[in-house]
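Undergrad: just coords:
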DNA sequence: GCGGCGTGGTCTATAAAAGAGACCTGGGCT
DNA sequence: AGCCCAGGTCTCTTTTATAGACCACGCCGC
């Protein structure tokens, strides 16, 4: 076996962490919170397309893993503020790099997808169905 | 609304890309392929814990999005090689940063989780069940 | 000759996660 | 009184992730 980066180590422990910090909502929440403290409704407006359920779940996960603090102010209406922790600010470095990369390169990815999908469609039309398995 | 990073833009387009590049198996595959061309079985051995199904699916997704090339050598036994593309090498920069961060900080995350879970358990034991909703 | 092993997958069934949005309490405003 | 806001919870549905059996075929050891 070639000595590679992971080199045969059990990946599941680190995979578990990656599931959290690579999650799309987590990436966007960390990016938004990097700009300062935010309330629940502010985050909801910032992340167009996220449901209340997913916002709560994602924030809860980030809080659980130590990236975010949640501060409830005993006011009416209720005021809850979310903020990055020290660990969260450290995480923000690679997370923002990833998010920025996604924003800046989205078009190139979509072009590649289209090419791939067209090639696959062309290939499907040419090859007998029972031979398609041999890609 | 506070002017934040995302500032009310529809997040779903970039979320879609983030789903791909933030996916735990994608992160680990890109990290491994950054060290050089690999065969399917080599990747399988490098990523302990991944099933054949997930390896195929993840590689296919990375190929589709233009991060990876797949080269079939007409040999027996079959030899298929995977390699990062230019786009893939560019992506490797933030992806490796994220993966490295996960490896180096996993312990801190786990500690935070334990603390949170203990605090939650303690809180649950103290509060009347019907009041737990008010966190 | 036969069985086991390797290659690189596909496929089916199951489990888990992601997600939508109705609903909740209570106060402020019209 | 009705509508809006805050910050969620909850139930149900959809989607994704996952395990591992199975495939063809050649090589190798017995």
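TA: Structure's in. What do you need? Note that the structure is predicted; figures quoted are calculated from it, not measured.
Undergrad: switch to C-alpha atoms for all contacts and neighbour counts from now on
TA: OK.
Undergrad: How much space separates the residue nearest to the spatial centre of chain A from chain B?
TA: Centroid check for chain A by CA atoms, centre = their mean gives residue A:24 as the closest residue, at 2.1 Å. Distance of residue A:24 to chain B, given as CA to the nearest CA, to the nearest Å: 5 Å.
Undergrad: Please apply the same query to residue A:36.
TA: For residue A:36, the distance to chain B (CA to the nearest CA) stands at 8 Å.
Undergrad: Report the secondary structure element holding that residue.
TA: Using DSSP states H and E, residue A:36 falls within no helix or strand.
Undergrad: Hmm, residue A:85 and it touching each other?
TA: No: using CA atoms under 8 Å, residue A:36 is not in contact with residue A:85; the gap is 11.1 Å.
Undergrad: So residue A:16 versus residue B:49, what's the distance?
TA: Using CA to CA, to the nearest Å, residue A:16 is found at 12 Å from residue B:49.
Undergrad: One more: residue A:71?
TA: Note on residue A:71: its distance to residue B:49, by CA to CA, is 38 Å.
Undergrad: Pull out the buried residues from the helix or strand containing residue A:16.
TA: Per DSSP H and E, residue A:16 falls inside helix A:12-21. Neighbour-count burial for helix A:12-21 flags A:14, A:15, A:17, A:18, A:20, A:21 (criterion: 16 or more other CA atoms under 10 Å in any protein chain shown).
Undergrad: And chain B, is it touching that?
TA: Yes: counting by CA under 8 Å from any CA of the partner chain, chain B has neighbours in helix A:12-21: A:12, A:14, A:15, A:16, A:17, A:18, A:19, A:21.
Undergrad: Could you tell me the angle between the helix or strand containing residue A:121 and helix B:86-126?
TA: Assessed by DSSP H and E, residue A:121 sits inside helix A:86-126. Angle of helix A:86-126 versus helix B:86-126, following axes from the mean of the first three to the mean of the last three CA atoms, to 10 degrees, is 130 degrees.
Undergrad: Who are the packing partners of helix A:86-126?
TA: helix A:24-33, helix B:12-21, helix B:52-64, helix B:86-126 (3 or more CA pairs under 8 Å, 6 or more residues apart in numbering or on different chains; DSSP states H and E).
Undergrad: Pick the most buried one from the ones you listed.
TA: Among the helices and strands packed on helix A:86-126, helix A:24-33 has the highest mean neighbour count (mean count of other CA atoms under 10 Å in any protein chain shown), at a mean of 24.
Undergrad: Let me see the mean pLDDT of that one.
TA: The pLDDT scores in helix A:24-33 average 95.
Undergrad: After it, which helix or strand is next? Please name it.
TA: Following helix A:24-33 toward the C-terminus (DSSP H and E): strand A:38-39.
Undergrad: Which positions within the very next helix or strand once past that following strand qualify as buried?
TA: Reading on from strand A:38-39 to the C-terminus, the next helix or strand found by DSSP H and E is helix A:40-46. The neighbour-count check on helix A:40-46 (16+ other CA under 10 Å) flags A:40, A:42, A:43, A:44, A:45, A:46 as buried.
Undergrad: Likewise for stretch A:73-87?
TA: Within stretch A:73-87, the residues that qualify as buried are A:81, A:82, A:83, A:84, A:85, A:87, counting by 16+ other CA under 10 Å.
Undergrad: need the residues you listed in JSON lines with distance to residue B:91 and pLDDT, can you?
TA: Converted to JSON lines, the buried residues of stretch A:73-87 look like this (distance: CA to CA, whole Å; pLDDT from 0 to 100):
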{"residue": "A:81", "distance to residue B:91": "33", "pLDDT": "95"}
{"residue": "A:82", "distance to residue B:91": "30", "pLDDT": "96"}
{"residue": "A:83", "distance to residue B:91": "28", "pLDDT": "96"}
{"residue": "A:84", "distance to residue B:91": "25", "pLDDT": "97"}
{"residue": "A:85", "distance to residue B:91": "27", "pLDDT": "97"}
{"residue": "A:87", "distance to residue B:91": "24", "pLDDT": "97"}
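Undergrad: Pass me the low-pLDDT residue ranges in chain A, would you?
TA: Along chain A, segments meeting pLDDT under 70 span A:1-9, A:124-135.
Undergrad: residue of it with the smallest distance to DNA strand D?
TA: For chain A and DNA strand D, the shortest gap (CA to the nearest atom of the strand) falls at residue A:41, measuring 3.3 Å.
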